[in-house]
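S.K.: Model the following, please.
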Amino acid sequence: MTAHPLVPDLTRTATVTAHARRSACPCGAPETLADRADGTVVRHADTVAKAHPPNTDLTELTLRLATAAAVPDVLLPPLTNTPAPLHGRLVTCWPYGTPVDPQDPDAAPWEAAATLLARLHSHPPLAGTPTMRGPAKAAQAVGRLKAAATTAAKPVLRAWHTLPAWARAETPMPDDGTRTLCHGDFHLGQLVRHPAPHGPWRLIDVDDLGTGVPAWDLARPAAWYACGLLAPEEWTRFLTAYRAAAGPAISAHGDPWPTLDIPARALTVQTAATAIAKAATAGRPLDEVEQSLIDACDRMASTPPELTYESAK
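M.R.: Predicted structure coming up:
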């Protein structure tokens, strides 16, 4: 079978762009950083080329690139202002940044991450900025889970159906004056140091960037904390830094959970749904962390949220 030409052609794009940026490119072997349905990423020297998901909207992606260029102290600025087509995908180029080391969890930059999110949430959206895609991604993960049709899916689907319609992407997100610019898919893998390897931290991946409920960007760490996957000390560091940077997603004092509860539940469901689908595809049993997410969904299904986002605010 002939291999699809996307990766080699994307590699050529990264190589040409890297050479154009430097009169003497520190060449080495190109590296495929990711090759998934939701994005293929190739690195050559200090340059990265990304093929965005199929059916990505050109106008929306262009606005997202413009947003990244407008806040270079928060988001890694792109090298391209306009995406280029390649094998039916839209391609952009970026400077390479050093990612968070997954083997060194004690060095996780929780304070830097929280501060960047607070700055992003406080930046006025550009005219025409699309809606943040967080709830849509959660709904897509649940859709894949339904196709997997495993026993483990039952508590996850029950938890999903306790959420309000906006959190399931069935109705628009609430617009009560609290909508801000949001990342849409925040986790530690969305942080890099630029210039590599010791520059300041920046957020990457604009595919889900847009306007929405800023609590969604705090929801994954909140979900990990609620599931016992993030230590209370790390959660406190993250929350304290966000508040110190005057982030608008939560109040400056008091219990943040009424605001975070529904987004955190949605992210727990999304993460559990993705884990189950991946395990089913690989034909392997769920591991301990994946099972803890399903157990959390089981608890959520029996104790549905008492507050909607609107009443919590």
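S.K.: Just the buried positions in the one helix or strand residue 265 maps to, please.
M.R.: Assigned by DSSP states H and E, residue 265 falls within helix 257-282. By neighbour count on 16 or more other CB atoms under 10 Å, the buried set for helix 257-282 is 258-277, 279-280. All C-beta atoms are positioned from the backbone trio N, CA, C, and that covers glycine.
S.K.: Then stretch 174-190?
M.R.: For stretch 174-190, by 16+ other CB under 10 Å, it's 174, 178-188, 190.
S.K.: Just the endpoints, please. Distance across it?
M.R.: Using CA to CA, to the nearest Å, the end-to-end distance of stretch 174-190 comes to 25 Å.
S.K.: Now do that stretch, average pLDDT.
M.R.: Stretch 174-190 shows a mean pLDDT of 89.
S.K.: swap in stretch 71-80?
M.R.: For stretch 71-80, mean pLDDT rounds to 97.
S.K.: need the helices for the stretch 101-250 of the chain, in chain order.
M.R.: Using DSSP state H, counting those that start in this stretch, the helices of the stretch 101-250 of the chain run over 110-122, 134-148, 153-160, 215-226, 232-244.
S.K.: Out of these, which is the most enclosed?
M.R.: Neighbour counts (mean count of other CB atoms under 10 Å) averaged over each of these peak at helix 215-226, with a mean of 25.
S.K.: mind exporting that helix as PDB, just the C-alpha atoms?
M.R.: The C-alpha coordinates for helix 215-226 follow below in PDB (Å, rounded to 0.1, in the frame of the first residue of the first chain):
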ATOM      1  CA  ALA A 215     -14.200  28.600  33.300                       C
ATOM      2  CA  TRP A 216     -13.900  26.000  30.500                       C
ATOM      3  CA  ASP A 217     -10.100  26.600  30.300                       C
ATOM      4  CA  LEU A 218      -9.800  25.900  34.000                       C
ATOM      5  CA  ALA A 219     -12.000  22.800  33.800                       C
ATOM      6  CA  ARG A 220      -9.400  20.100  32.900                       C
ATOM      7  CA  PRO A 221      -7.100  20.800  36.000                       C
ATOM      8  CA  ALA A 222     -10.300  21.100  38.100                       C
ATOM      9  CA  ALA A 223     -11.500  17.700  36.800                       C
ATOM     10  CA  TRP A 224      -8.100  16.100  37.500                       C
ATOM     11  CA  TYR A 225      -8.200  17.500  41.000                       C
ATOM     12  CA  ALA A 226     -11.800  16.300  41.600                       C
END
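S.K.: Outside of it itself, list whatever touches it.
M.R.: With contact meaning CB atoms under 8 Å, 6 or more residues apart in numbering, helix 215-226 is reached by 110, 117, 120-121, 132, 134-135, 182-184, 186-187, 230, 232, 234-235, 238-239, 242, 249-250, 256-257, 259-260, 263-268, 271, 296, 309.
S.K.: I'd like to know how many residues surround residue 287.
M.R.: Residue neighbour count, defined by other CB atoms under 10 Å, stands at 10 for residue 287.
S.K.: Give me the angle between the helix holding residue 265 and helix 134-148.
M.R.: Here the directions of helix 257-282 and helix 134-148 differ by 40 degrees (axes from the mean of the first three to the mean of the last three CA atoms, to 10 degrees).
S.K.: quick one, what contacts residue 9?
M.R.: If you count contacts by CB under 8 Å, 6+ apart, residue 9 has them with 86-87.
S.K.: Distance of it relative to residue 205?
M.R.: The gap separating residue 9 from residue 205 is 21 Å, by CB to CB, to the nearest Å.
S.K.: now do residue 223
M.R.: With CB to CB as the criterion, residue 223 and residue 205 are 19 Å apart.
S.K.: Leaving out sequence neighbours, find the closest residue to the residue positioned nearest the centre of the chain.
M.R.: By CA atoms, centre = their mean, the chain has its centre lying nearest to residue 185, at 1.9 Å. Nearest non-adjacent residue to residue 185, counting by CB to CB, 6 or more residues apart in numbering: residue 208, 4.3 Å away.
S.K.: still on that earlier bit, and the two most separated of the buried residues of stretch 174-190?
M.R.: 174 and 188 (27.3 Å; CB to CB).
S.K.: So which elements touch the helix or strand that residue 289 is a member of?
M.R.: Using DSSP H and E, residue 289 falls within helix 288-302. Applying 3 or more CB pairs under 8 Å, 6 or more residues apart in numbering; DSSP states H and E, we find helix 288-302 packed against helix 153-160, helix 257-282.
S.K.: Which of those sits closest to residue 89?
M.R.: Proximity to residue 89 (CB to CB) singles out helix 257-282 among these, at 21.7 Å.
S.K.: Counting by contacts, list what that closest one packs against.
M.R.: Judged by 3+ CB pairs under 8 Å, 6+ apart, the packing partners of helix 257-282 are helix 134-148, helix 153-160, helix 215-226, helix 288-302, helix 309-312.
S.K.: What count of nearby residues applies to residue 58?
M.R.: Neighbourhood size, residue 58 [other CB under 10 Å]: 12.
S.K.: pLDDT score for it?
M.R.: Per the predicted model, pLDDT is 97 at residue 58.
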